[in-house]
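1. pasting a predicted model and its sequence here:
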Amino acid sequence: MKFVLRSAVALSLLCVSTAAADPVTVTTGMIVFTDEPGVFQISGSGFEVNMGWFPIQLSGTPFGNHCASGCVPGTAIDFGTTTYAFSDFHSGGSVNGQMFPQLFPVGELTFKGPKFIAPSSDAERPYLGIAQAPFTFHGSVAIFADELHSGSPLFAEQLTGSGTATVFGTVLSAGNLFLLEDGDDVHFAFSSPVPEPSTLVMLVSGLIGAAAAANRRRRSGGANG
C-alpha cells in the first residue's frame with residue numbers, strides 16, 4: 001500500500017511538473033512485452049533510458065485476447081488503444097549513460113495499434129507467425145534511484161513516439177490458425193518521424209530562398225567591388 005501511495009504521489013508530481021512542457025519524442029529504441037522481464041530501451045534528443053520492466057495493464061484489451069482461440073490467416077486484428085503502468089519489478093539499468101544497480105520507474109504508457117492481418121505459418125518456421133504494423137505511443141515516465149522515490153528523479157518526461165510493432169504469434173498446425181498467447185512477444189520499435197509533405201515543401205522552399213538571397217548578396221558585393 002505504501003508503494004502504491006508513493007507511486008501515486010510521484011506520478012502526480014510528474015504530471016504537474018511536465019504539464020506545461022511539450023512531450024519529447026522517442027526516436028530510437030524498443031519496448032518489448034514478453035512473459036519474462038521485458039526490455040524498456042528508449043532514446044531521443046538528449047536522453048537515453050535502458051532497463052528491464054514488467055508492465056501492468058490499466059485499460060484496453062490484453063493482446064492475447066484478440067486471438068485467444070486462434071484467428072484464420074487474413075483476419076484483421078486491431079490492438080486498439082492500451083494503457084500500461086510499471087509494476088514493482090525493478091532492475092538495474094542506465095539513464096543517460098550512467099549505470100544504476102536498480103531503477104524505480106513510475107508512470108503510464110499508452111500504445112495505439114498495431115492493426116494488422118493475421119499471418120499464415122512461416123515456411124522455415126511452421127509454428128511461428130510474424131506480423132508487422134505501425135503504432136503510436138505517448139506517456140509520462142519518472143525514474144528514481146531509490147524505492148522511496150526521494151529527491152529529484154533521474155529522468156522525468158512526457159513522451160511521444162511512433163514506429164513499427166512486430167507481433168510474434170504461434171501458428172496451430174490444425175487449421176493453420178494464428179494464435180496469440182501470454183508467452184508470445186510484441187516488440188515496439190521506435191523510429192524517427194518522417195516529415196509531412198507540406199513540411200518538406202516549406203523546407204525546400206526556404207532553402208531555395210536562402211540560396212537565392214546569398215547569390216544576390218554575392219552579385220551585389222561583386223558589383224560594388
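-> Looks like it came in fine.
2. chain center to whichever helix or strand Ala189 is part of: distance?
-> For Ala189, the host element (DSSP states H and E) is strand 186-190. Mean C-alpha position of strand 186-190 versus that of the full chain (CA atoms, centre = their mean, to the nearest Å) differs by 7 Å.
3. give me the sheet partners of that strand and which way each runs.
-> strand 24-33 (antiparallel), strand 155-172 (antiparallel) (DSSP bridges).
4. average model confidence for the last one?
-> So that's strand 155-172. Averaging pLDDT along strand 155-172 yields 95.
5. in that strand, what counts as buried?
-> Neighbour-count burial for strand 155-172, counted by 16 or more other CB atoms under 10 Å, picks out 155-163, 165-167, 169-171. C-beta: built from backbone N, CA, C; applies to glycine.
6. and for stretch 178-190?
-> Buried residues in stretch 178-190, counting neighbours by 16+ other CB under 10 Å, are found at 178-180, 184-188, 190.
7. list of residues touching stretch 89-100?
-> Stretch 89-100 is touched from outside by 37, 40, 47-54, 101-104, 143, 145, 147, 154-155, with contacts defined as CB atoms under 8 Å, 6 or more residues apart in numbering.
8. now, those residues that are in strands?
-> 40, 47-53, 101-104, 143, 155 (DSSP state E).
9. show residues contacting the strand holding Ala189.
-> 26-34, 42, 63, 111, 135, 137, 161-168.
10. kindly recompute the last result at 7 Å.
-> Strand 186-190 is contacted from outside by 26-33, 42, 63, 111, 135, 137, 161, 163-167, using CB atoms under 7 Å, 6 or more residues apart in numbering.
11. model confidence over that strand, on average?
-> The model assigns strand 186-190 a mean pLDDT of 97.
12. kindly report the same for stretch 81-95.
-> Averaging pLDDT along stretch 81-95 gives 95.
13. what's the answer for stretch 133-149, then?
-> 96.
14. strands of this structure, start to end?
-> Ranges of strands in the chain, per DSSP E, are 24-33, 38-44, 47-53, 55-59, 76-78, 81-86, 91-95, 98-112, 115-117, 128-144, 155-172, 177-179, 186-190.
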